[in-house]
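Engineer: what shape does this take:
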Amino acid sequence: MIPILGAVAMLFSSASASSLPVRAYERAELFATCSGRLDALAMRQQTLSEAGAQDSARLRDEFQTLLDAVLPMALSEGVPETQPRHWRSQGWVEIAALLADVDHSFDPRRAKLAREAMWQRISSCRAVLL
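Structural biologist: Numbering: from 1, shown residues only. Predicted structure coming up:
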């Protein structure tokens, strides 16, 4: 695994870094939310033996590494220690709810919209790293 400082340096030297939030607490929220989103997706993909499960788990871990790196700065900006868990949980619940609509909605339009919304959220997270 890439050392934390190396991961942060690579992230900030990439083209996508220009779209990162300026404040540490905003970056922490982004990294925690994306970690939760990718965790929900990875869990679903692993459960159903779908392709991409390892990639989703790897990206989840990368977001967690970035969160760990920026968290001390975010805490110094006044973020409560429990807040990253809440952000991560919100990301997880967001994707899990959309996947529930994809799998269990009787309305094909609703299922399609949920699938599109889920992939848009996952894509926005992937764009930060890739």
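Engineer: where in the protein is pLDDT low?
Structural biologist: 1-18 (pLDDT under 70).
Engineer: could you pull out the helices in it for me?
Structural biologist: 4-13, 24-47, 53-76, 83-104, 108-129 (DSSP state H).
Engineer: the third one to helix 83-104, inter-axis angle?
Structural biologist: Orientation of helix 53-76 against helix 83-104 (axes from the mean of the first three to the mean of the last three CA atoms, to 10 degrees) gives an angle of 150 degrees.
Engineer: how far is helix 53-76 from where the chain is centred?
Structural biologist: With CA atoms, centre = their mean, to the nearest Å as the basis, helix 53-76 stands 8 Å off its chain's centre.
Engineer: please name every helix or strand in contact with it.
Structural biologist: Where contact means 3 or more CB pairs under 8 Å, 6 or more residues apart in numbering; DSSP states H and E, helix 53-76 is packed against helix 4-13, helix 24-47, helix 83-104, helix 108-129. Glycine gets a C-beta too; all of them are placed from N, C-alpha and C.
Engineer: now the third one: buried residues?
Structural biologist: Spelled out, that is helix 83-104. For helix 83-104, the neighbour count (16 or more other CB atoms under 10 Å) marks 83-84, 87-88, 91-92, 94-96, 98-99, 101-102 as buried.
Engineer: highest mean neighbour count out of the helices of the chain?
Structural biologist: Of all the helices of the chain, helix 24-47 carries the top mean neighbour count, a mean of 22, counting by mean count of other CB atoms under 10 Å.
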